[in-house]
Structures are given as structure tokens and as C-alpha cells.
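Colleague: Prediction below, plus the sequence it came from.
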Amino acid sequence: MEDHHIEGKDSWIKRGWWLILLIIASFLAPTVLSEFYLSVLCEALVMSLMALSFNFLFGYMGQLSFGQAAFYGLGGYTVAMLLTKAHFNFWLSIVAAVLVAALVGLVVGIFCVRLRGIYFAILTLAFGQLIFTIVFKWHNFTGGDDGIQGVFPPELLKSPIAYYYFILLVFLVSAFILWKIIHSPFGHTVVAMRENSERTEFLGIHIAKYQLIAFVIAAAFCGLAGAIWVPFYRSVAPSYLTWIKSGEPVMAAILGGPPIFLGPILGMFVMTFFHAWVLGFTVYWPVVMGALILAIIFFLPGGILGFAQEKVRQRKERNHQLQKK
Amino acid sequence: MLEVKEIHSYYGTSHILFGISFGVKEGEAVCLLGRNGAGKTTTFRSIIGLTPPKSGSIQFRGKEIIGKPPYRIAQMGIGYVPDTRRIFPDLTVRQNILVARREHKGAIWDLDRIYSLFPKLQSLETHMGTQLSGGEQQMLTVARTLMTNPELLLLDEPGEGLAPLVIKTMEQQLGEIKKLGLTMLICEHNVGLAINLSDRAYVMDKGMIHFQGTIDELKKHEEVRKKYLMV
Amino acid sequence: MLLETQEISKEFGKLRAVSRVSLGISKGDIHAIIGPNGAGKSTYFNLITGYHRATSGRVLFKGKEITGLPAYRRCRLGITRSFQITSIYPKLTVYESVLMALLSQRKVTLTFFSPAKKFFREEVWGILEDVGLADQASTLGDSISHGDKKRLELAVTLGTEPELLLLDEPTCGMSLEETEVIMGLIKKLSVERGLTILFTEHDMSVVFGIARRISVLHQGALIADGSPEEVRASEEVQKVYLGGST
Amino acid sequence: MSFDVLFSQFMSGIARGALLFLVASGLSLTFGVLRVLNFAHGSLYMLGAFLSYSIWKFLLMPVLGFYLAAVIAALIMGGVGMIIEFGLLRRLYARGWPEQLLATYAIILIITDLVKWAWGGEFLSIPRPRPFTGAVFLFGFPFPSYNFFIIILGLGLVVFLWWLVYKTRLGDIIRAAAQDREMVSALGIPIPWLFTWIFVLGAAIAGLSGAVTAPFGSVALGMDIEIIIECFAVVVIGGMGSLPGTLLGAFIVGQVYAFGILFKPELALAFIFMVMAVVLIIRPWGIFGRPER
């Protein structure tokens, strides 16, 4: 084990160079990108955070939530309402948004974690749609169909570039925290529940409790994603809570490769930039997305990264066999 | 009639069968013996197409059947009686039998004939599948498979979990079926029933065949019995 | 008595799978439960580990009643089981699987920020050495051999540092050599780790090879209980069980 | 609250329940046999509604037009169902359910855009067909007679499905396959064929139910999501894949909706979810459902 550890440290720099490069590149991005593509990049980062939190449940715990948009939207609405109606402090509004999403996640989670597989997916979808309906129909409180306009960030973050750095920082810190959680004893337990929940229960783990904690964590990060997006976009609308929105992280995760940490981020970047590009010549984005989903399911099982990993593994195996001979 | 050659089967990623070969001739009864986990059930699942082998060949009446879906293989005349019985719990006994009915020329089995072989089932006709005892369930499973009018019957652990007296009855009924000219392949880890019914035996362990011969030869071969069958 | 069942029964609809079984398992013993298929061994196991809840009767562990406790709570008290059909983590490595058990047992599973791999290195390696899986520590669970899976399962159960270990057919589907290795292992664990072991087994050579006490179930009821010699001599046992298999 | 208000809400709840049963039964049947949850079931319903509108306009037949349009729409949707099962789902049975779910989700996106492109975003409606244009008096209170048409249709479907599932050999096969498809296959019954026809039947029922909602004046984009969420509530309450469960679930959801609207219209859906939550606490797998394996 000692050897393994040393080797691990040594190769971290070797293996992590491209990640460092990516982070440096993302800090330099505003100097080269047009304002339009900078905003697309912002959206990609925010949605990637949502996709990461979704994948914490899906890729690691093995539970597919089809209601994450509700938490994303709740985060957005909380910030919007606190800023426009209560003229609350910006930073505290963000914190409040995370808390609201986590709290609603707790209530919804209590019901949902009792179920598995497809039943969990239906129930999260149903609860998500319920929250959507409440927001949509509660006209005098949430603005109903019109949503809430005129949500402004503080002076410090007024410029798109400043806000981009804010989003980038929140994204990097959140991604790092999620990465830490996944590799912690708690994360190990979550993965073990996915692999064999019966075995794990007989090791003394109260399955429902751990699923609930994971659900709340995911809801909180989704809320955070919504909360930082709305002041950038200056408005929030009920469409943030629909199941079409919930479908996006599902698709990003499957596109990128669910069992891989960076998979959903890659998936979301591909989707967001593709979206921006497609909108240039047609308004029928959903049909394109639908076709894309089917294409991935049929031709790229395992997602982009999963597919690449499998290819690398096959090549290694082949080399290995050649060496043997 | 059935010719299995060098099949390798996997369950998920684990390699279960390592080049199994054996054959069954028309009209005979052959048994596959071996302990739990020796690969008997996987062999049966490979034949019926539920766990198709990755390599090798299985020919039924001269036709390759690997790669065909289970229902095609069953339609060709192979009847599978699974070890866990797998009665349909939402169906009555009668429905369980009738659901499998398949008309084709040369069909010899119908409800009357089944009931005359298993009179117990007639008296339980309207019971739900789950309300039966282990022995009754086993009869029902066999009856259900017979309704498909198979030419080759695969029996996976027909005596599993049954009281000795029930096993005797079962043995007798299977003997009668055999007399009708049905070819049988039986697997067992509890040697009694299979040996009494069979003409030849194969002994399996860890996914390989370790012995083949007539029942008399097996009885004489003490080392094989000790090593692989623990009797 | 470490574990005691008092008149426990379990009914599934009309079927009485376990019928008023009273049995005590003393500390440090290697205790076998035998009986034909369908005798109720698995159900009896499930009643002890909390997979099923008894229809009537009581289960006591170290004198405390645990009849109604859920499985994870019983595990925390020190009762762990293996499964007849090996129940492992297919996509975790051997090392990670054992680590999972220790994380749970030492109650650190609610730690969120320190890396899991830093925990309990020595203990995990100790267990892997004990069961002879150290050289396969970084292999995935579903790519090791059947015999090694059984060993892995034993290793995982050891990770929960149990006082009472229930093994459901520990040598099921193993070759003779593998069986002997497992038997030696069970004996060794009982001595070195002071474990109490309750196991079911089909293979009579294993049962009479390592059990210090044997209980025989037949159609859900306890029909004999005693030392291997006593059980072997019992006429009733000969009739229902040993006689039936030869 | 007076009796006539309560009674009238009860009757409108029954009608709503009948409509929900029409849609949810197809969803439940498909899930029960294929074990595939068809997210796009609501989209088939929506497409059925739009199709029947166009066929009705094309036919220009005053009395029979509506009924004929509904039947043709149902048949076309059956065909669409066959294309979906044959072209997509069949290749995914061996995969995990998340991929199946995502595939049906993709179908939703595609059908939604297709409808938007072909019919635009307007609300469309067909006038109530004769002889269901007027009102029927029950205990002296008037009710739209078209509601009775829906109720009769719902009851007709209950009887038909009950006969199909419990009284025919095909029904025996359906119930057996819902329990253990491997074993059914090993008995020589062609499972792929069975799956295709069950899916076609489910799609046709969805199309028919879409068509008969057109006279309610609510053919529009978004009707797919609205109905599927309520259908999920129905099957979660009643139990996935259970015919009596779907019937009971549809009745409950219909009633809760009708009385919820009376109480607080904005939160009618919320009441449905509260009932769902209560059922889930007591029986996580629904009233007539079975625990998951």
C-alpha cells in the first residue's frame, strides 16, 4: 500500500496537468470570447454544477432523479424574490437560496428515498412538477407565468466578466467539495449502496438515511446553481422548474458518462454550446436534442468518456496480450 | 438428438462453463450430476437460450440453436423445467397449464392426459399457483412444460426441496413420461432420483465435465463419487 | 449464551417455515445448523439477522431482546451474515469492499471531507492477509474466481468486527481444495478473533469436520441438538436426513 | 355547501377519473408487461388529439365525423406505437431502464416539436358531437351529456381490458409475462411479438383518449405533460401495472381533483400529491401494487 500511495502522489501531477491547463484556460477565457459566447460559457458552468449534483445521485448512488429542476428553480426564485421584493443582501440571498433548496429537498426526499429505480424517478418527477405547478399558479407571490424580472447582482459583479469569475469560482469550489464528498467515507458508502444495497444494509448502514442525506446535498447544490444563474440572467421564469429542465442534467450525465466525475460536465458543455449553435438557424431545438439523445443511446453506450475509457482499456488489453506473446 | 460441443458461458462477467461437451440420444434419459454451483443450471440455461454461450456449438436434431431466442428453441421441441419452478403466481393451476399449450402435429399432451398423469392437479385446478406445496408446484411445472409437447425435456433439480415420499412419487411420474418415449436430460446434486431414472450420467464440477459413462460405471467409480458428489 | 432464540416461528401465509425453535448459541462456539432443503435453515438465519421478523417468539442477543430490530441495528450490535448466493460489490475492488465494512463498523460513514482511502489501512490489510486475498486487493469484485468471492464475502463480514458470524453455506459451489481452505480459515478465525460462528451447510464432511455443536431442523422444527457424536447417533436424524442423502 | 354542488363535483370527478383511466390504463399495461415506463405516453395522447382534430376537419361529416376521426386517430397512433416499439424500444430491452426512460423522453421532445411545427401553438377544439351536445338531468341536476359519453367509454374500456386480461388465453400470457417473461419465453411463446402488440394497444388507447378530449376544448401544447403527471399519480396511488389499481387510482385522483378545485383551484394538483404522499407512506408500492423485487 505504501508503494501505491507514493506512486499516486507522483502521478497526480503527471495525470492532472490537463486539468490545471483547463482551469487556467477558463480564467483566461473572458479575454478571447465574445460576450455572447461568454454568456454561453456561464450557462454551461452553471448547468454543469446542476449536472454534477444530479450525477452525485445518479452516477454514484444509482438513483435517477427527474425532479432536479425544481431545486434549481427554487434557488433561482428565492434569490429573485429576496433581491427584488425584500431588497436583501446579495450574498445572504444566495445562502438563503441554498437553504431553501436543501429544506425542500429534505421534505421531498423523505418520501422519495423509500423507493428505488424507476419508482424513484417517477416520484421525483411528480414532486418536481408539483413544485412547478405551485410556483406557476401562485400568481401574486411568484409572478406566475411572467416570472420575476429585474434581478440585479451587486455593483461589484455588475459587469459580465466579473460575474463570470464569480460563477467560475463558485463552480470550482462546489465541484471540489462534491469531489471530496464522493471520495470520503460517506461517498464510499453511497457507492456501496448503489453496488449492493442489501449487502450494505447488513454492514450496518441505514440505507434510507444515507440516501436522504445525499438527496439533500444534491438539492442544495442544484439550488446554488439556480441562485447564481438568476442574477446573471436578470430574471427567473417558471420554465426553470419544468421537467424539460430536469431532463437536461440526465441527458448531460448519460452523454458524458455517468460513472465518471467529469462526465456530466463534458456532457453539459457539449449540450450547451451545441444548443447555442443550433439556435442560430432553427427554433426547433427540442427535436434536435431528442435526436441527439437517441443517437447517443444507440451509438455511444457509456457516454463520451465511458466510450473513450473503454477504447483505452481495450487498447491496453491488446498491448498487454501482445507483450505476453 | 442434442449435441453440445465445447460451450463457454458467462454470467455477467464471470466465466461459468469451460468447454462443456455432451450428447443425448433420442429416447434416452441422461443425467448431469454435480454439486451446487458446478454449472448445471447454467448448462440448461445455455441450451434453452436464456444464457447463450459465447462460443461452442449446440445442435438440436442437427440444427444449430445458439443465437436463437428462447421461444424459438422451445418451439423446436425443447422443454425446460427450471429448478426454482417459476409458477406464474397470478394464474390458477389450470391457467398455468393451459398458458403453455401449443398445437402442432404429433401433439400428444392435452389437459385430460395431464390430469390423468397428475390427478392431484385436477383437484387443485382453481387454486392460485402460489397456494401449492412444493411437490404440487413441481408437478405443475412439469405439467406446464409437457403442454408444449416437447421432444426433449430438461429437468433442473426435479427433487429439490421435496420430502422423500414426494420425491418417490415424482420419480414414478417421470418414469411414466419416459416410457412414452420422451427424451430427458436431468440434473441433480442429490443423486437418488436422477440415477434411478437415467441410462447414462455426466459428472460436472467447476464448469467442466469430469466423468461420463453409464450408471453402472458411475456406481463402480468410487473416486469420482467421493470427489465430486460426496457420496 | 451469546444468542438465544425462544420459541420463534415464522409463517408465510399458510406455510410455517420455522416452527417454535428454541436454541442457544454459546460464546466462542462453532455451531452448525443442518437439515434438508426447505427445512427452514435460511428462514431461521433471516430471523436472527433481521431480514424477516418473527411471527412469534423472541430473539435475545447477549441477554437483550432484539426481536424487532432492523437488520442494520443488529449488525451494529455485532451480528453479521454472509449470503448463500455470494453477495459482493461487483464494481468495488476487494480492498474497497472490506474498507466499506470497516467504515461502517467504526462509525465514520458520516465523514464528508477526508478521503476514505486514508482510513483503517492496517485493519483492512490485516483482514485481507487473514483470508488470503492480499494479492488481489485492487481487483474488482466481479472479476475474481467463485472461491475468492466466497472468501471476499467472509472478509467483508469480518470487517464489521462481529461477535457472532452467520455463514450461509460457506463452501457452496467450491472445489474440495477450496473447501478445505475455507474450513481451516473458519477454525482459525474462531480461535484468533474469538468469533462465535453459526453456519448452515450441505456438505456433511464440512459439518462434522469443524462444528463443535450441531442442530438439526426438519420441516421448520428443531429435531436434534448436541455434539457431532450425539447427532450422528440420533436415530431420528438418521431417518430424515443422513439416510435420505445416501 | 349544498348537496347539488357536492353532487355535481362528484360527477365531474367521475368523468375526470374516467378520462384518467383511459390514458393511465395504457401506461400501466405497457409498464406491467414490458417493464418500460413510457414517459411519452402523454405525447401519444396529445398527438392523438391533434390528429383527430385534423381528420375531423377533413372529413366534414356533421354527425359521424367526430367518431370516425377518433377511431382513425387511434389506429394511426397504434401504427406510431408500432414504429416506436419496433424502431427504438426493442433495441433497448437489454439495456438499463435509465436509457429506456431517456429514449422515451427523447420521443416527447420530438413529438412536441412535431406538433408545434404542424399545428402551431393555438388552442383547438371540436364541438361536442351529437347526440352528446346537451345536458342530462340526474336527480334534477343538469350535467353535460358529453361527460356521460366519457364515463361510458371509460367503463367500456374497463370491461374490455378486464375481459382481455382475465378471460382470454392472451390475458393469461400477459399476466404470466408480467411476472416472469423469461419463463414465458422458455415455454415457446414469442415475447417480442407480445411486446409489440401490447405497446400498440397502449398507444392506440392513448390516441383514442386524446381524440375524445378534443370536445372539452383543450387541444393544445402542454396537454401531454399535464396528463402524464396525473397519470403517474394514478399509477403510483393504485400500483404500477395493476388494472384494478389503475381504476381505483383514477377514481381517487378524479375526485380529489374535482373537490380540490372547489376548495382552492391553484392547489388542486397539490392535493393529489398529498394523497399520493399518504399512500406512499403506508404502501410505497401503491394500493394494488406489489413490492419491487
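Modeller: Okay, I see it.
Colleague: pLDDT averaged over stretch A:81-93, what's the number?
Modeller: With pLDDT averaged residue by residue, stretch A:81-93 scores 91.
Colleague: Residue ranges in chain B under the pLDDT threshold?
Modeller: Applying pLDDT under 70 to chain B flags residues B:13, B:190-191, B:229-231.
Colleague: Helices of that one, residue ranges please.
Modeller: B:40-48, B:70-75, B:93-98, B:111-117, B:119-123, B:134-146, B:164-179, B:191-197, B:215-220, B:222-224 (DSSP state H).
Colleague: just chain C next, same as before
Modeller: For chain C, the helices defined by DSSP H occupy C:41-49, C:71-77, C:94-105, C:121-131, C:146-159, C:176-192, C:204-210, C:228-233, C:235-237, C:243-245.
Colleague: Can you list the low-confidence ranges for chain D?
Modeller: In the predicted model, chain D carries pLDDT under 70 at residues D:1, D:292-293.
Colleague: The longest helix seen in it and chain B, are they touching?
Modeller: Across chain D, the longest stretch assigned as helix under DSSP H is helix D:3-34. No. For helix D:3-34, no contact with chain B is found by C-beta under 8 Å from any C-beta of the partner chain; the gap never falls below 10.6 Å. Glycine gets a C-beta too; all of them are placed from N, C-alpha and C.
Colleague: helices or strands next to that helix in the packing?
Modeller: On a contact count with 3 or more C-beta pairs under 8 Å, 6 or more residues apart in numbering or on different chains; DSSP states H and E, helix D:3-34 meets helix D:41-59, strand D:141-144, helix D:145-167, helix D:169-179, helix D:191-213, helix D:223-238, helix D:243-263.
Colleague: can you tell me how far residue B:19 sits from residue B:205?
Modeller: Distance, residue B:19 to residue B:205, using C-beta to C-beta, to the nearest Å: 13 Å.
Colleague: picking up where we left off before, pick the most buried one from the helices of chain C.
Modeller: Mean neighbour count (mean count of other C-beta atoms under 10 Å in any protein chain shown) peaks for helix C:94-105 among the helices of chain C, with a mean of 26.
Colleague: Report the rounded mean pLDDT for it.
Modeller: 92.
Colleague: List the contacts of it.
Modeller: Applying C-beta atoms under 8 Å, 6 or more residues apart in numbering or on different chains, the contact partners of helix C:94-105 are A:185, A:188-189, A:192, A:200, A:203-205, C:75, C:88-89, C:92, C:109, C:116-117, C:119-120, C:123-124, C:127-128, C:133, C:136-139, C:141, C:144, C:152, C:155-161.
Colleague: again, only this time at 6 Å
Modeller: The list of residues contacting helix C:94-105 from outside it, by C-beta atoms under 6 Å, 6 or more residues apart in numbering or on different chains, reads A:185, A:192, A:203-205, C:89, C:109, C:120, C:123-124, C:127, C:133, C:136-137, C:139, C:141, C:152, C:155-156, C:159-161.
Colleague: Please apply the same query to stretch D:44-62.
Modeller: Here stretch D:44-62 makes contact (C-beta under 6 Å, 6+ apart) with D:23, D:65-66, D:69-70, D:72-73, D:76-77, D:111, D:115, D:119, D:124, D:126, D:203, D:206-207, D:209-211, D:213-214, D:219, D:223-224, D:227.
Colleague: Report the buried members of those.
Modeller: For the contacts of stretch D:44-62, a burial check counting by 16 or more other C-beta atoms under 10 Å in any protein chain shown picks out D:23, D:65-66, D:69-70, D:72-73, D:76-77, D:111, D:115, D:119, D:124, D:126, D:203, D:206-207, D:209-211, D:213-214, D:219, D:223-224, D:227.
Colleague: quick one: contacts for the nearest residue in space to residue D:190 that is not next to it in sequence?
Modeller: Of all residues not flanking residue D:190 in the chain, residue B:71 sits nearest, at 4.8 Å (C-beta to C-beta, 6 or more residues apart in numbering or on different chains). Residue B:71 is in contact with D:185, D:188, D:189, D:190, counting by C-beta under 6 Å, 6+ apart.
Colleague: Any idea how many residues pack against the last one?
Modeller: Counted by other C-beta atoms under 10 Å in any protein chain shown, the residues lying close to residue D:190 total 17.
Colleague: same question, the first one
Modeller: Summarising burial for residue D:185: neighbours were counted as other C-beta under 10 Å, giving 24.
Colleague: if I look at it, how far off is chain C?
Modeller: Counting by C-beta to the nearest C-beta, to the nearest Å, the gap between residue D:185 and chain C amounts to 23 Å.
Colleague: cool, and the second one?
Modeller: For residue D:188, the distance to chain C under the criterion C-beta to the nearest C-beta works out to 29 Å.
Colleague: which residues does that residue contact?
Modeller: Residue D:188 neighbours (C-beta under 6 Å, 6+ apart): B:71, B:74, B:75, B:102, B:148.
Colleague: give me that answer again for 10 Å
Modeller: B:70-80, B:100-102, B:104, B:145, B:147-150 (C-beta atoms under 10 Å, 6 or more residues apart in numbering or on different chains).
Colleague: out of everything not next to it in sequence, what's closest to it?
Modeller: Closest to residue D:188 by C-beta to C-beta, 6+ apart is residue B:74, at 3.4 Å.
Colleague: Phi first, then psi, for the residue in the stretch 101-250 of chain D positioned nearest to chain B.
Modeller: The stretch 101-250 of chain D approaches chain B most closely through residue D:188 (3.4 Å), counting by C-beta to the nearest C-beta. Residue D:188 adopts backbone torsions of phi 90, psi 20, taken as degrees, to the nearest 10.
Colleague: how close does it get to residue C:103?
Modeller: Residue D:188 is 50 Å from residue C:103, by C-beta to C-beta.
Colleague: Quick check: which ranges of chain C have low pLDDT?
Modeller: The model of chain C has pLDDT under 70 over residues C:37-38, C:173, C:175, C:240-246.
Colleague: how does it look with 80?
Modeller: Scanning chain C for pLDDT under 80 picks out C:13-15, C:36-39, C:83-86, C:145-147, C:171-178, C:202-205, C:236-246.
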